[in-house]
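K.L.:
A structural model of the following input is requested.
(chains A and B)
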2 protein chains.
Amino acid sequence: MDERGALALLDAELEAVGDDAAVIDGLVVTTDMLHDRTDFPEGTTRYTAGWRSVAASLSDVAAMGAEATAAVAAYAAPAFDRTELLAFVRGASDVCEAVDAEYVGGDLDEHQEFTVATTAIGRTGADGDGADPVPVPRSGARPGDRVCVTGTLGRSAAALELFERATDADADADAGDSSAAELRDRANDLFRFEPRVAAGRALAPHATAMMDSSDGLARSLHQLSEASDCGFAIDGGRVPIDDAVRDVADDEAAALELATTFGEDFELVATVPEDELAAVREAADVPVTEIGTVLEGEDGITLDGEPLADEGYTHG
Amino acid sequence: MDERGALALLDAELEAVGDDAAVIDGLVVTTDMLHDRTDFPEGTTRYTAGWRSVAASLSDVAAMGAEATAAVAAYAAPAFDRTELLAFVRGASDVCEAVDAEYVGGDLDEHQEFTVATTAIGRTGADGDGADPVPVPRSGARPGDRVCVTGTLGRSAAALELFERATDADADADAGDSSAAELRDRANDLFRFEPRVAAGRALAPHATAMMDSSDGLARSLHQLSEASDCGFAIDGGRVPIDDAVRDVADDEAAALELATTFGEDFELVATVPEDELAAVREAADVPVTEIGTVLEGEDGITLDGEPLADEGYTHG
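P.N.:
Numbers count the residues shown, from 1 in each chain, chains lettered A, B, ... in the order given. Here you go, the predicted model:
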């Protein structure tokens, strides 16, 4: 059984399991585990690891259209190095501060492999004035709605390429130390994404369906399609490809491929009625780009008229 | 830096870090990571692992005197076996049900070593009618208060011994399969403790200080002593030793030693004014045993008149 099969099994077992996060009593709860071998490439700083792992859970809160309240992390490593631990906590705290949440600590554990488990908690409008139609489900997309994404796609794909080049530069005696260090700095910058909590709040009153793009745009569209029983027509020319992707991709086609399938970007993918797009754009703190249209289910999912395969990142 | 040093460092860094759990906006949040090598002895079923790992976090909610709302778990293993995963989820769900909380799922991750990270969320009385003096801190014990523990101590110590005997029985050709299986069943039963959420709620209006005994009674007393600047005089004859400990210990002294220092029992240790003991006992759903008295700080911590060392379980 692979991870997707196991997740489907869990969904069937647990009533309260939501879309990107579980919802209970007006609270949104989501947890993630990340570890060295699959999630933190060589060169990832502990500050970046703290930021990114907590951000991954905060992104699930954002995808529900909820406010972020707090996050915790369990930090496991072969040994506890003071500098590394403090850097991790600073990264975790800083990303919480960036989305008006509080980092409230966690647990420590000795483990052979550096492993982080994070949990983020948010609040829906359910126990407030009830005005916001949150949490936003994955299942409400209607034919005619516009497909939008926040920010840009491909940052993590570009970061991984730069981490790899840094490792290659280390091995290459002629490249010099500064080259590898600069590549790693740039990769770490790209790896520290800002969870789209504010954008999620801006989208929540308008979006008919929403999720984050952690598995890649293509896979996210397939998941929305399944939940909403709809199709999508995506315009590749409108996909907001991050400039960093163009720096590492051979050509525009390769850049679009990375931006649509690589994933791990944690942008929001949402469907919005066309006449509400302007209101969303005005309320959001980041660009919200229209990239396509919701179709009937039988129309399938296309990118520039060609079928878009359900390919993307499978979380290890 | 060992784990205790690292935890002290984190406490100094993070303002919102509470005692057994962090408290924010009327919510109690706590997270724990457990893994195969240190926390799940050979013979621990996945059902027990699901129960116990979620219970460990729920115990921290109990130790704050809060209601338990929900729990999540990130489950990481080398492969996802359907039967094992479902057993884990049933264990996690069942322990949540036992304390009126909801198990709302979590994350899956491939990992070389079976690893579980759990987070539990509770609510204090802060956003209710404000009548309950919760969360109960570790710092309020006053000389003259009585020291109480819920339930019995030493179950986990006994369980570990039985798990080891089961492994030995497997190696011993004469012992037969049924012997090892029976030992493991008994050990698993002992390992699935009930988090003292209801008892914590009963203690909360009365307790001046409270924590759980996850590091052992001795270490818990030292932590309460440090937080409350007090001493303790404990009567060894009153310590509620679980019958299972007597089954595995050589004599009464060895049983008392295991019950006071082994830890991993997750009972509550609380200090209560003498004239409120009766009210606590009436309200609690489990026995609350008086085992000693709170002294001035300079009196130190004694067991039957002898200094009680700060020895116990250090979570791996």
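K.L.:
measure A:Thr44 to chain B for me?
P.N.:
Spatial separation of A:Thr44 from chain B under the definition Cβ to the nearest Cβ, to the nearest Å is 17 Å. C-beta coordinates here come from the backbone N, C-alpha and C atoms, glycine included.
K.L.:
and if you look at A:Asp235?
P.N.:
On the measure of Cβ to the nearest Cβ, A:Asp235 and chain B end up 33 Å apart.
K.L.:
residues near that residue, how many?
P.N.:
The number of residues packed near A:Asp235 is 15, by other Cβ atoms under 10 Å in any protein chain shown.
K.L.:
the closest residue to it other than its chain neighbours pairs with what?
P.N.:
Closest residue in space to A:Asp235, ignoring its immediate chain neighbours: A:Gly292 at 5.5 Å, by Cβ to Cβ, 6 or more residues apart in numbering or on different chains. When bridges are assigned using DSSP bridges, the partners listed for A:Gly292 are A:Val147, A:Ile234.
K.L.:
tell me who's in contact with A:Gly292.
P.N.:
The contact partners of A:Gly292, by Cβ atoms under 8 Å, 6 or more residues apart in numbering or on different chains, come to A:146-147, A:232-235, A:238.
K.L.:
list only buried entries from the residues you listed.
P.N.:
Burial by neighbour count, judged by 16 or more other Cβ atoms under 10 Å in any protein chain shown, picks out A:146-147, A:232-234 from these.
K.L.:
which residues touch the closest residue to chain B within the stretch 1-150 of chain A?
P.N.:
When Cβ to the nearest Cβ is the measure, the stretch 1-150 of chain A has its nearest residue to chain B at A:Ala117, with 2.9 Å between them. Contact partners of A:Ala117, counting by Cβ under 8 Å, 6+ apart, are A:31-34, A:73-74, A:76, B:31, B:33, B:74, B:107, B:117.
K.L.:
and for A:Glu282?
P.N.:
When contacts are counted by Cβ under 8 Å, 6+ apart, A:Glu282 is found next to no other residue.
K.L.:
which SS class is it?
P.N.:
Using DSSP: H, G, I helix; E, B strand; the rest coil, the three-state assignment for A:Glu282 comes out as helix.
K.L.:
against chain B, how distant is A:Glu267?
P.N.:
Summarising the geometry, the distance separating A:Glu267 from chain B, computed by Cβ to the nearest Cβ, is 20 Å.
K.L.:
output the strand or helix carrying A:Val269 as PDB, restricted to C-alpha atoms.
P.N.:
The secondary structure element spanning A:Val269 is strand A:268-272 (assigned by DSSP states H and E). Once side chains and other backbone atoms are set aside, the C-alpha atoms of strand A:268-272 remain, and they are given as PDB (Å, rounded to 0.1, in the frame of the first residue of the first chain):
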ATOM      1  CA  LEU A 268      -3.300  28.100  -2.800                       C
ATOM      2  CA  VAL A 269      -5.300  26.700  -5.800                       C
ATOM      3  CA  ALA A 270      -8.800  28.000  -5.600                       C
ATOM      4  CA  THR A 271     -11.900  28.200  -7.800                       C
ATOM      5  CA  VAL A 272     -13.800  31.600  -7.700                       C
END
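K.L.:
what packs against that strand?
P.N.:
Secondary-structure packing of strand A:268-272 (3 or more Cβ pairs under 8 Å, 6 or more residues apart in numbering or on different chains; DSSP states H and E): strand A:146-150, helix A:197-203, strand A:209-212, helix A:217-228.
K.L.:
now the element after the host helix or strand of A:Asp107, going C-ward?
P.N.:
Secondary structure here is read from DSSP H and E; on that basis A:Asp107 sits in strand A:102-110. Of the helices and strands lying after strand A:102-110 in sequence (DSSP H and E), the nearest is strand A:115-123.
K.L.:
and that next one, which strands flank it?
P.N.:
Here the strand partners of strand A:115-123, with direction, are listed using DSSP bridges: strand A:27-35 (antiparallel), strand A:67-77 (antiparallel).
K.L.:
now render these as a markdown table, adding distance to A:His222.
P.N.:
Shown next, in a markdown table, are the strands paired with strand A:115-123 (distance: least, Cβ to Cβ, whole Å):
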| stretch | distance to A:His222 |
| --- | --- |
| strand A:27-35 | 21 |
| strand A:67-77 | 27 |
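K.L.:
so who does the closest residue to A:Gly154 other than its chain neighbours touch?
P.N.:
Leaving aside its chain neighbours, A:Gly154 sits nearest to A:Val245 (3.5 Å; criterion: Cβ to Cβ, 6+ apart). For A:Val245, the contact set (Cβ under 8 Å, 6+ apart) comprises A:153-155, A:157-158, A:255, A:258-259.
K.L.:
list the buried ones in the helix or strand that contains A:Val245?
P.N.:
Secondary structure from DSSP H and E places A:Val245 in helix A:243-248. Neighbour-count burial for helix A:243-248 flags A:244-246, A:248 (criterion: 16+ other Cβ under 10 Å).
K.L.:
the closest residue to chain B within the stretch 151-300 of chain A - how many residues pack around it?
P.N.:
Residue nearest to chain B within the stretch 151-300 of chain A (Cβ to the nearest Cβ): A:Ser214, separated by 11.3 Å. When neighbours are counted by other Cβ under 10 Å, A:Ser214 registers 22.
K.L.:
columns mean neighbour count on top of the strands paired with strand A:115-123, output as JSON lines?
P.N.:
Compiled in JSON lines, those are given as follows (neighbours: other Cβ atoms under 10 Å in any protein chain shown):
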{"stretch": "strand A:27-35", "mean neighbour count": "27"}
{"stretch": "strand A:67-77", "mean neighbour count": "27"}
